[in-house]
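# Kindly generate the corresponding structure for this input.
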Amino acid sequence: MVKPEVWMLAALLAAVAGWTDWRSRRIPNWLTVPGLLLGIAANALAGGWSGAKDSLLGVALGFGLLLPFALIKSLGMGDLKLVTALGGFLGPQRLLLVLFVAVLVNGLMALVLVIWKKRVRQTLRNLGHMLAALFSFHLPGPQLTLENPESLKVPFGVAVAVAVILYTVRQAWGVS
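Numbers count the residues shown, from 1 in each chain. Here you go, the predicted model:
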């Protein structure tokens, strides 16, 4: 069980990362690297070897799950490093739940952005290209990556921050 102090540190890291991602579309290394080390250290102090092991498993899971998305440039490296650092705080089970909520929040943010920018038709076409690429085992192409200046970009760090803060509030209130 993660102690409340560790959750609060994770929420603080996520909030600062979400804010910087919202403002500059970047999550800096000066935030994520110390966050990773702090997460591992906090869990090791709170739970001994078991806490350290849980923390390292969370780090490995966060890195392993998001690395493919970062490699095909559908997710930024700062997002990858943030989730990896949060894995150090949360451990694997809680990280999976937080990532599930973050994906839902990010999807909602993307839907609102697509409608607001009146890009529904283009988005549906892009989804078709992505599905065709998936079924033909090819990458979708540079027009569907973060490198395309025309593409709409949703800051995943904001969605992760919302998910971690929601889960922290849930833990603080003792809701199961």
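# buried sites along the helix or strand encompassing Ile115?
Ile115 belongs to helix 77-116 when elements are defined using DSSP states H and E. Using 16 or more other CB atoms under 10 Å as the test for burial, helix 77-116 gives 77-92, 94-96, 98-99, 101-102, 105-106, 109-110, 114. Just so you know, the C-beta spots here come from the backbone N, C-alpha and C atoms, and that holds for glycine as well.
# tell me the contacts of Pro92?
By CB atoms under 8 Å, 6 or more residues apart in numbering, Pro92 lies in contact with 54, 57-58, 60-61.
# any chance of these in JSON lines, plus distance to Lys73?
Shown next, in JSON lines, are the contacts of Pro92 (distance: CB to CB, whole Å):
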{"residue": "Asp54", "distance to Lys73": "31"}
{"residue": "Leu57", "distance to Lys73": "27"}
{"residue": "Gly58", "distance to Lys73": "25"}
{"residue": "Ala60", "distance to Lys73": "22"}
{"residue": "Leu61", "distance to Lys73": "22"}
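# Nearest to Leu45 among these?
Of all these, Leu45 sits closest to Asp54, with 12.8 Å by CB to CB.
# List the residues that contact the closest one.
Contacts for Asp54 (CB under 8 Å, 6+ apart) come out as 43, 47, 91-92.
# all helices for the chain, in order.
Ranges of helices within the chain are 4-24, 29-71, 77-116, 120-135, 156-172, based on DSSP state H.
# Only the buried residues of the shortest one, if you could.
Right, helix 120-135. For helix 120-135, a neighbour-count test (16+ other CB under 10 Å) marks 123, 126 as buried.
# and that helix, what does it pack onto?
Contact here means 3 or more CB pairs under 8 Å, 6 or more residues apart in numbering; DSSP states H and E; on that basis helix 120-135 packs against no helix or strand.
# and that helix, how far from the chain's centre?
What separates the centre of helix 120-135 from the centre of its chain is 23 Å, taken as CA atoms, centre = their mean, to the nearest Å.
# just use 385 as the starting number from now, easier for me
Got it, first residue is 385 now, which makes that one helix 504-519.
# now stretch 464-482, how far from the chain's geometric center?
Distance of stretch 464-482 from the chain centroid (CA atoms, centre = their mean) equals 8 Å.
# now stretch 493-512
Distance, stretch centre to chain centre, for stretch 493-512: 21 Å (CA atoms, centre = their mean).
# Identify the residue nearest Ile411 in space, chain neighbours excluded?
Leaving aside its sequence neighbours, Ile411 sits nearest to Gly462 (CB to CB, 6 or more residues apart in numbering; 3.1 Å).
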